[in-house]
Structures are given as structure tokens and as C-alpha cells.
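S.K.: Structure, please.
(chains A and B)
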Protein chains: 2
Amino acid sequence: MSVITIVGAGMMGAAMAFPARGNGHEVRLVGTHLDREIIQEAKETGYHKTLKHQLPEGVKCYQIEELAPALEKADLLLGGVSSFGVDWFADHILTVIPQTLPVLNITKGLVHQGGGQLLSYPEYYAQKLGHKKLSLNAVGGPCISFELASHDPTDICFCGEDIALLRNMKKLFKTSYYHISLSTDVRGVEFAVALKNAYALGVTLAIGLSKKRDGQEHYNSQAALFGQSVKEMSKILALYGCGSQNLSLAAGDLYVTVFGGRTRKIGTLLGMGYSFDDAVAQLEGVTLESIVIAQRTADAISALAEQGKAKPEDLPLLRHIENIMQGAPANPMPWDAFETEMQ
Amino acid sequence: MSVITIVGAGMMGAAMAFPARGNGHEVRLVGTHLDREIIQEAKETGYHKTLKHQLPEGVKCYQIEELAPALEKADLLLGGVSSFGVDWFADHILTVIPQTLPVLNITKGLVHQGGGQLLSYPEYYAQKLGHKKLSLNAVGGPCISFELASHDPTDICFCGEDIALLRNMKKLFKTSYYHISLSTDVRGVEFAVALKNAYALGVTLAIGLSKKRDGQEHYNSQAALFGQSVKEMSKILALYGCGSQNLSLAAGDLYVTVFGGRTRKIGTLLGMGYSFDDAVAQLEGVTLESIVIAQRTADAISALAEQGKAKPEDLPLLRHIENIMQGAPANPMPWDAFETEMQ
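M.R.: Here you go, the predicted model:
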């Protein structure tokens, strides 16, 4: 039996308790200062209020002030904060843990360091930590938290530098419903699964556009934007030196994100004609990682374009998303710009 | 104004009348012997009974006996038969048309010639025609017939050897809702959009499996199978010398096929536990191109494997689909076989 400490008790952090606890490990779920009410209720009743699931029996819950005992003799630290908690996680958690404690990060995103340089979170953490060397691993792939809690099967990917360590981490989490591929291509995996958040926003615009047009949900337009998204993700991966072998992971993850929840809601609202500010206001309190990732990616591509290293016209859907975030309407979709000639 | 003759008055053939007629062209819709009732009703009322749409005003309908006048002074022949009508189309239509009449084929599929050799339909037609040289072009990409009839936008691809001719054909069909990319990579496009039919069956198994498990539709498992499908399609495209640039087309087309209709129905039934024979029986009268394509692809891969040119274990989802078609149950899904290690 191993001890797995999860810091960040949002939906996805908490959902990882299911395979871990299912394998009989000790699971300690530590809320950040933003998770205070979640942890309070979970301590009292075992119910996770945002995941809307009873946590597996035996999961131990901790408020952030109880971090020290929660980390005692831990074998793995699982980083479950949202994109907005990445700096807090680096500054308050990664700096205090022992170098011998491996980290598995489920937060998805990219950091734009200016000049077009994008970093995945494991890369960003390593940079922030400077001389302190940690084993920084990450999870990517199609997995919506409440589906994981419902034991709907999936196949995701653990990535990190040390394949032997990845294999050990796999043993901790692999269950009949949580299947785990392994990859030492951290950058490729993390870029792929971050980009899909931006493009899920693009695909779901079609839902709102068709609802606005005739009140129905149609699939031709969603599918065309899905294909365009895969095409553009492939181009961005290539721009950042990531191989195309992660495209299937990006496509699967894009699929579930289109159906999964938060991004679908804002994409649909934007497609229906709400302004960006109005759509964001309607979703108050909801973490919009898709927006953050889309904005950072668009900024980075613009910076590369200024240096002559990227052509924004090769990424017309990303440009359209960027324009929408700056106040432009979702309609008209730049369909003509998606047409290509291949000879 | 051009004259466009569509042979094959099923849903997709008829749906192509919408962009063509919308651009003011003369559209002649010719039913095969299987479309007799469709054409009879359309002649009387203009209503297409399987598409469940009123045809655009001015579309002229013909029974197969009226083929000769329907072809008179035609500028383009659009081949709209199903996979099951390909030989009939080659033997009875392509042999009688003048060599100056270009053909645009919407039938999707592959022919296994034994020994692992797969041909796209344009290639198969060219082979059958021998010395008679026709301009054999094709359409691929995300487009469900009734969505096209409803003017839901999409972006598909016309492929053929002559880019100038493709540009002319694009002018005939391009509308505000039918966007057209062009490619001279006929084999790549046609393989990509055929394979997606086989894999749509694979993805939709998850719908039935999760319904059977807890009565709900879940998306983690669909997404994981979607990603696995993209991975396997990429491998099959590579086996047949097709570049990865068509993967986005395959992914978009896979997406719409999962939601579009016939394949979803049989995949769901199989996932729920119906035997292959029972599931097919339940869909009596429905054209199951996905089954044909899956079987031919599986046969071809087996033949390649016998020659040491392919590893069936690299395509575990295709193998599972093949086993199901031979009577095996959909459950258990071979999740463990989808797990990979990349170093």
C-alpha cells in the first residue's frame, strides 16, 4: 500500500481518488484555500459537492493548514490545482516537499513566456524551481472527472522523464476503468492535451451557431470544426517541435472536452451570439481554462508571426477564437479560410 | 449554368442537389432500380422520402430507364450509389458515358483485391474500365446528408488528379454552407474517409457498453476509443503509403459519423450486447457501409500480416471489431491492448 497525497480538491483532483483508493492505497485529499467548503463537507459526510459524488470510502480529507501531516510519508504528490493555481502550487507546495517525492501533475495548460516561447506546466515548474530538482510527471488524455468517478473506462497517458518511475505510478492508478499509456515525451503530451482546451472552444461554437440558426444541434459544422482543430493542433505541435504521435491523444481529449462541460457551455453561448464578456459573466465562478489556454496560445503564435516563424493565416480557427475573445462576434465563422488546396 | 446528373438517388446523392441547385445549375437526379419508390414520390411531390426533405425546386427526377435523356449534354456525372452499387455503377454507367464527362464520386469505401491490396473506389473504377480513361474524382469529409439538406455548414474535400478541373467542380457546388478544399492526393483522401466508417463502429460500441452498464451515455470511453481510432487510422494510412495530412479529414469525418446515424445504431446495439447477427437483423434494410469497410480492411490487414508487412497487434480496436463481426461479444473491450509505452 502506498500513500498518495492529492493537493487541490477540485473535481479532477478528487476524481483521481477513485482509481487510487480502488487499488487500496491511502489517499489524502488536501483542499487549497479555494476548496475550504468542499473539504469541510467531505470531512463531515464524504460527499464531494462539485463532483457531486460520494468519495470512495477511506479517503482522508485535509484543509490546507493540515498540509504537513497530509504529506507525511507520502509516496506520491498529485498536483490537482486548476490553471489559476499553478504559481501557488509551485511556490507553496513544490518548494516545501522533499526532492525524493515524485509529483504527478493533472493541471493542463501552457505558459507564454513572451517571444512566442510556450512552456508546459512540468517545464514551467522545473524552471521556477531552479536548482531544486523534482521528478515532475504529468497526466494527459481524455478524462472528465465525473466520468472517472462513475468508472466509465478511459485510456490516458502518464508522461515523465523516467520510464521506470512511470511504470510504478501506473501500478498505483491502473484499474479496470483507468487505463494508462506511458510516454517520455513530456512536452508533446502536455502541449497536445493543453491545445485541445482552446480548440474545444472552437468546436463548440458550432453548437451555438446552429441553435441560433434553426434551434437544432447539427453535427456537420461541429465535425468540420473538429477536423479543422485537429489540423491546426498538428501545425502548432510542429511549430513547437512536438511530433505528430500525440495527435491521437489530442483528438480523443478534444472529443471528451466538447462533451464534457465548462468549455462546451461558453462555446455554445458565444456561438449563439453572446459577446465574450456576457458569456463569461453567465459562467461566473466556473474555471475557464480553455480561455486561458486559447489566449496564451494565440499570443505566442502572434509573437512567432512577428518573428516570421509562424503564419497566423495557417491557423484561421485560432485567429477567430482570438478575435472573439477581443469582442468580435462568433458569426460569421471564417469558413472560406478553412478551405485549402493540396497538390 | 451547368448540367449536373446525379446517378443514385439515396440520401447523400439527393443531398448534393442542394448546393448544386442552390447555385442555379440544372440538376437531374436519376434513381437506380433500388430507388424506384423514392423517384416516383419525388416526381409527384418533390419530397424525398428517405432524406425526409423537400428537394430544391427545379430538381428533375428520372427513373433508371430514363438515364439517356438524363445524361444528355451533362457537364458532370455525380456518382451517388452506395458501396453495394459500385460494380453496377461501373458496369452500367461508367461504361456508357463519354470520356469527356467528368465523374465526381461520393460513394465511400475500399475494395480488397486479395493479398492485402486495398483500392479506393476511383482506383477500382479506373482498373475496371481498362483502356477507357475517365476523369474520376471523389468527395470526402464530414457531411451527413440531412445536415447538408438543412444547410448546416461544413468543409469537405474534392480530390482528383487535375487541380484545374477540381477548381471548376468547386465552383459548381460551393455555397455559404458547403465549403470545399481540394486535393490531388486521391488515395490519401479516399482511404482516410473510408477508414472512418470502420472506426465509427468502434467508437459507438462505447455508447452501448455504457448504456448497458449504468443506463447512461458516457463520454470518457467514447473519447478514448476516438483517440485509439485516430491512432489506428494513422497507422493504416501509413501502411498504404498515405500521408498523415489527411488525418484531420479522417478525424472530422469520424466525428460526424459517430453522431450521424446508421453506424451509430449498430455500434450501440453491439455495445449493448446484441450479437452481430441480431444487431444486423434489427437494422434490416439499412445500408451498413461501415461493416463492409471494416471487414475489407480487417481482411487486408490479415493478409499483410501473413506476409510480415503488418502487425495486427498494432491495431487492437480493428481486431476487436473483426472479432465482433465473427460473433464475439463487444464486452470486454480490449482496453489493456490500447495501452502503449513511448520512449
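S.K.: contacting residues around A:Lys170?
M.R.: Residues near A:Lys170 by CB atoms under 8 Å, 6 or more residues apart in numbering or on different chains: A:158, A:180, A:182. Backbone N, C-alpha and C define where each C-beta goes, glycine included.
S.K.: Intersect the residues you listed with the contacts of chain B.
M.R.: A:180, A:182 (CB under 8 Å from any CB of the partner chain).
S.K.: Specify which member of the contacts of A:Lys170 is nearest to chain B.
M.R.: A:Leu182 (4.7 Å; CB to the nearest CB).
S.K.: residues in contact with A:Phe276?
M.R.: A:270, A:324-327.
S.K.: ok, which stretches of chain A are strands?
M.R.: A:3-7, A:26-30, A:47-48, A:53-54, A:60-62, A:76-79, A:103-105, A:110-112, A:118-120, A:136-140, A:154-159, A:178-183, A:341-342 (DSSP state E).
S.K.: Now mean pLDDT too, for the ones you listed, in a markdown table please.
M.R.: Formatted as a markdown table, these follow (pLDDT from 0 to 100):
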| stretch | mean pLDDT |
| --- | --- |
| strand A:3-7 | 98 |
| strand A:26-30 | 98 |
| strand A:47-48 | 98 |
| strand A:53-54 | 98 |
| strand A:60-62 | 98 |
| strand A:76-79 | 98 |
| strand A:103-105 | 98 |
| strand A:110-112 | 97 |
| strand A:118-120 | 98 |
| strand A:136-140 | 98 |
| strand A:154-159 | 98 |
| strand A:178-183 | 98 |
| strand A:341-342 | 96 |
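S.K.: Which one of those lies nearest to B:Gln222?
M.R.: strand A:154-159 (9.4 Å; CB to CB).
S.K.: Remind me what that closest one packs against, helices and strands.
M.R.: Applying 3 or more CB pairs under 8 Å, 6 or more residues apart in numbering or on different chains; DSSP states H and E, one finds that strand A:154-159 contacts strand A:136-140, helix A:163-173, strand A:178-183, helix A:186-214, helix B:220-239.
S.K.: which residue packs closest to A:Glu147, ignoring adjacent ones?
M.R.: B:Asn220 (3.9 Å; CB to CB, 6 or more residues apart in numbering or on different chains).
S.K.: now A:Gly140
M.R.: A:Val193 (3.5 Å).
S.K.: what does the stretch 201-343 of chain A put close to chain B?
M.R.: A:210, A:213-214, A:216, A:218-228, A:230-231, A:234, A:244-245, A:247-249, A:251-253, A:255-256, A:259-260, A:333, A:335-336, A:338-343.
S.K.: burial measure for the residue lying closest to A:Leu129 once chain neighbours are set aside, as a count.
M.R.: Distances taken as CB to CB, 6+ apart put A:Leu94 closest to A:Leu129, at 6.1 Å, once the chain neighbours are dropped. Using other CB atoms under 10 Å in any protein chain shown, A:Leu94 is surrounded by 21 other residues.
S.K.: Look up how far chain B lies from A:Leu94.
M.R.: 26 Å (CB to the nearest CB, to the nearest Å).
S.K.: same question, A:Lys128
M.R.: 27 Å.
S.K.: now swap in A:Leu201 and tell me
M.R.: 16 Å.
S.K.: ok, that residue - contacts?
M.R.: A:263, A:266-267, A:270, A:290-291, A:294, A:321 are the contacts of A:Leu201 under CB under 8 Å, 6+ apart.
S.K.: Try it again at 10 Å.
M.R.: Counting by CB atoms under 10 Å, 6 or more residues apart in numbering or on different chains, A:Leu201 makes contact with A:229, A:257-258, A:263-264, A:266-267, A:270-271, A:288, A:290-291, A:293-294, A:317-318, A:321, A:324-325.
S.K.: quick one: contacts for the residue nearest to A:Leu129?
M.R.: A:7, A:77, A:79, A:101, A:103, A:105, A:125-126, A:128-129, A:132, A:134, A:136.
S.K.: Straight-line length of stretch A:147-155, end to end?
M.R.: Distance between the two ends of stretch A:147-155: 12 Å, counting by CA to CA, to the nearest Å.
S.K.: ditto for stretch A:175-184
M.R.: Stretch A:175-184: ends 22 Å apart by CA to CA.
S.K.: next one: it to chain centre, how far?
M.R.: 17 Å (CA atoms, centre = their mean, to the nearest Å).
S.K.: which parts of that stretch are buried?
M.R.: Using 16 or more other CB atoms under 10 Å in any protein chain shown as the test for burial, stretch A:175-184 gives A:175, A:177-183.
S.K.: biggest separation within those, which pair?
M.R.: Between all members of the buried residues of stretch A:175-184, the farthest pair (by CB to CB) comes out as A:Tyr177 and A:Ser183, at 20.6 Å.
S.K.: got a list of what whichever residue of the stretch 101-250 of chain A sits closest to chain B touches?
M.R.: Distances between the stretch 101-250 of chain A and chain B by CB to the nearest CB are smallest at A:Gly227, namely 2.3 Å. Counting by CB under 10 Å, 6+ apart, A:Gly227 touches A:203, A:251, A:338, B:141-142, B:154-157, B:181, B:247-256.
S.K.: Would you mind measuring from the nearest residue to it once chain neighbours are set aside to A:Ala224?
M.R.: Nearest residue to A:Gly227, sequence neighbours excluded (CB to CB, 6+ apart): B:Gly252, at 2.3 Å. From B:Gly252 across to A:Ala224, the span is 6 Å (CB to CB, to the nearest Å).
S.K.: A:Pro142 too?
M.R.: On the measure of CB to CB, A:Pro142 and A:Ala224 end up 21 Å apart.
S.K.: before we move on, what about A:Leu317?
M.R.: In terms of CB to CB, A:Leu317 sits 10 Å off from A:Ala224.
S.K.: any shared contact partners between the two?
M.R.: A:203, A:333, A:338.
S.K.: mind checking pLDDT for the first one?
M.R.: The one in question is A:Val203. With respect to pLDDT, A:Val203 has a value of 98.
S.K.: where's it relative to B:Leu55, distance?
M.R.: When A:Val203 is compared with B:Leu55 (using CB to CB), they lie 31 Å apart.
S.K.: Low-confidence ranges, the stretch 1-150 of chain A, go.
M.R.: Across the stretch 1-150 of chain A, no stretch falls below the confidence threshold (pLDDT under 70).
S.K.: what residues does it put near chain B?
M.R.: Contacts of the stretch 1-150 of chain A with chain B, taken as CB under 10 Å from any CB of the partner chain, map to A:141-148, A:150.
S.K.: will you turn those residues into a markdown table that also has neighbour count?
M.R.: Shown next, in a markdown table, are the residues of the stretch 1-150 of chain A next to chain B (neighbours: other CB atoms under 10 Å in any protein chain shown):
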| residue | neighbour count |
| --- | --- |
| A:Gly141 | 28 |
| A:Pro142 | 31 |
| A:Cys143 | 26 |
| A:Ile144 | 23 |
| A:Ser145 | 25 |
| A:Phe146 | 21 |
| A:Glu147 | 25 |
| A:Leu148 | 26 |
| A:Ser150 | 18 |
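S.K.: Show only the entries of those found in helices.
M.R.: A:145-148 (DSSP state H).
S.K.: Looking at those residues, spot the one nearest B:Lys49.
M.R.: For these, the nearest to B:Lys49 is A:Glu147 (39.3 Å; CB to CB).
S.K.: Closest to the mean position in chain A, which residue would that be?
M.R.: Geometric centre of chain A, nearest residue: A:Lys108, 3.1 Å, by CA atoms, centre = their mean.
S.K.: if we can go back for a sec, ranking the shared contacts of A:Leu317 and A:Ala224 by neighbours, who comes first?
M.R.: A:Val203 (29 neighbours).
S.K.: And for the nearest residue to that one once chain neighbours are set aside, the neighbour number?
M.R.: Nearest residue to A:Val203, sequence neighbours excluded (CB to CB, 6+ apart): A:Leu225, at 4.6 Å. A count of nearby residues for A:Leu225, using other CB under 10 Å, gives 31.
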